[in-house]
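Student: what's the 3D shape of this:
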Amino acid sequence: MNQSKEVVYVIGHKNPDTDSVVAALGYTDYLQQRGSLPGVEIAPARAGELNNETVYALSYFKTTSPPLLENAAGCKLILVDHAEKSQMVDGAEKSEILGVLDHHRATLNHQNPIFFHTEAVGSTSTLVAEKYFRDEHLGVRLSTRMAGLLLAGILSDTVVFRSSTTTAKDKELAKKLATVAGVFDLERLGTSLKKAGVVVAGGLEDLVTSDFKDWELFGKKIGVSQIETADLLPILAKRGELKDVLSKIYCRGDYYLAVLMLTDIIKIGTQIIAVGNTRELCQAFNNGIITDEFYVAGMISRKKDFIPLLTKALAP
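Tutor: Model prediction:
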C-alpha cells in the first residue's frame, strides 16, 4: 500500500470476518462524509485474507475488497471490531492508534486519550449503521450498496439473530438497512452467507484459520476457531482431518488450549473439538467429564457463550 502521504487506515482484526471488513468499509465512508480528520486521507484496510463468507458478501453487493495492510508500523490506525493486542495487524505496536469502534470487551491500554466507542451489541456494523442514520440531517448518505454490506455484517455476527449477543438495536437497524438495500428476506440472505462460508471439500486449514482468534487468559494462550454452518453433517464427516489441522496449529503456536467450535445455526448448538489442556474447558462446558470432543446445546456465540465461561474456569 502506498504510504507516500499521510493516511489513516480503518482496519479490523487478523483473520477478518464479514463484520470486520464491512465495518471498515462503512466507517471509512462515514468518516469521509463527515469530514473527520481534515487534510488526511482516510482509507479502509484489512489485516488478513478474506474468508469465503466475506468474499460472497462483497460479491453479492458488488464491492471490491479493502486492500491488505501487511504491516502497520509507522501508520495511523482506527480499529474496528477489536481492541485485543493479539488480534491486531502486524506492526500495530509501532503504530499510532487514533480510535476504536467495537462491540467486544475493552482491553486496550493506550497512553494518550483517544476516541473509544465499545457497546454490547451483536456487531460493529450495527454501530456504523447507527451513525449513518443518526447523522442524516448533517448530509450523511447511506448508499444502497453500503446498506447491504452493513446488513451482511449484522446478519453474519448475530448468526441471523440467533446469537445470544443479538440486541433489539441490531434487529432495528437491520430492518432499516434492509429497506435501503432492497433486501426483503433477511433469513435467506443470512443463511446464504453462512452456507457460502463453509467449503468442506479441501482447504481445511484455510477453513479452520478463517475465523481463528487468540486470547491471553491468566497467562495462558488460548486459540479458538469457529465455523458456523446450516448443516453440521458434512463438516463432521471431516472431524478427524479438522482435528489434525487444529493439532498442528496448537503445536506451532505454543497454545495452552486450542479449540474448534462447529456451530449449527439452525439447531442452535456447537460441537467442540479441543487440543491441549482440556480440564478447565470440560469443567466449564461438559460437567467435568474430561474429553476432547463434546456437544453443547444452545451455544452459538464465541464472545458471550464461550469465552466468559472459559475465562471463569481458568481463573486462579
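
Student: Tell me which stretches of the stretch 1-150 of the chain form strands.
Tutor: Ranges of strands in the stretch 1-150 of the chain, per DSSP state E, counting those that start in this stretch, are 7-11, 41-45, 76-80, 96-102, 115-118.

Student: For the fourth one, give me every contacting residue.
Tutor: Yep, that's strand 96-102 we're talking about. Applying C-beta atoms under 8 Å, 6 or more residues apart in numbering, the contact partners of strand 96-102 are 8, 23, 27, 37, 75-83, 106, 108, 110, 114-118, 124, 127-128. Where C-beta positions appear, they are placed from N, C-alpha and C, glycine not excepted.

Student: Among these, name the buried ones.
Tutor: 8, 23, 27, 37, 75-83, 108, 118, 124, 127-128 (16 or more other C-beta atoms under 10 Å).

Student: still on that earlier bit, is it possible to get JSON lines of the strands of the stretch 1-150 of the chain that adds mean pLDDT?
Tutor: Formatted as JSON lines, the strands of the stretch 1-150 of the chain follow (pLDDT from 0 to 100):
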{"stretch": "strand 7-11", "mean pLDDT": "97"}
{"stretch": "strand 41-45", "mean pLDDT": "97"}
{"stretch": "strand 76-80", "mean pLDDT": "96"}
{"stretch": "strand 96-102", "mean pLDDT": "94"}
{"stretch": "strand 115-118", "mean pLDDT": "90"}
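
Student: Could you check those strands and tell me which one is nearest residue 64?
Tutor: Of all those, it is strand 41-45 that lies closest to residue 64, at 10.2 Å by C-beta to C-beta.

Student: Show me what that closest one is packed up against.
Tutor: Using 3 or more C-beta pairs under 8 Å, 6 or more residues apart in numbering; DSSP states H and E, the elements in contact with strand 41-45 are strand 7-11, helix 18-34.

Student: mind running it again at 10 Å?
Tutor: Contacts defined by 3 or more C-beta pairs under 10 Å, 6 or more residues apart in numbering; DSSP states H and E place strand 41-45 against strand 7-11, helix 18-34, strand 76-80.

Student: Let's have the ones you listed in CSV, adding distance to residue 41.
Tutor: Converted to CSV, those look like this (distance: least, C-beta to C-beta, whole Å):
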stretch, distance to residue 41
strand 7-11, 5
helix 18-34, 9
strand 76-80, 10
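
Student: doesn't residue 176 make contact with residue 134?
Tutor: No. Using C-beta atoms under 10 Å, residue 134 is not in contact with residue 176; the gap is 11.4 Å.

Student: So residue 142 is in contact with residue 150, correct?
Tutor: Yes. Counting by C-beta under 10 Å, residue 142 does reach residue 150; the two are 8.1 Å apart.

Student: Just the CA atoms of the longest strand along the chain, as PDB, please.
Tutor: Secondary structure of the chain read by DSSP state E shows that its longest strand is strand 220-229. What follows is strand 220-229, C-alpha atoms only, in PDB (Å, rounded to 0.1, in the frame of the first residue of the first chain):
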ATOM      1  CA  LYS A 220      -2.400 -18.900  29.200                       C
ATOM      2  CA  LYS A 221      -2.600 -18.600  25.400                       C
ATOM      3  CA  ILE A 222      -5.900 -19.800  24.100                       C
ATOM      4  CA  GLY A 223      -6.800 -20.100  20.400                       C
ATOM      5  CA  VAL A 224     -10.500 -20.500  19.300                       C
ATOM      6  CA  SER A 225     -11.700 -21.100  15.800                       C
ATOM      7  CA  GLN A 226     -15.400 -21.000  14.900                       C
ATOM      8  CA  ILE A 227     -17.100 -22.400  11.900                       C
ATOM      9  CA  GLU A 228     -20.800 -21.600  11.500                       C
ATOM     10  CA  THR A 229     -23.000 -23.700   9.200                       C
END
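
Student: And that strand, what's buried?
Tutor: Using 16+ other C-beta under 10 Å as the test for burial, strand 220-229 gives 221-229.

Student: swap in stretch 173-186?
Tutor: The neighbour-count check on stretch 173-186 (16+ other C-beta under 10 Å) flags 173-174, 176-178, 180-181, 183, 186 as buried.

Student: before we move on, the earlier item: so which of the strands of the stretch 1-150 of the chain is nearest residue 198?
Tutor: Among these, the nearest to residue 198 by C-beta to C-beta is strand 76-80 (24.7 Å).
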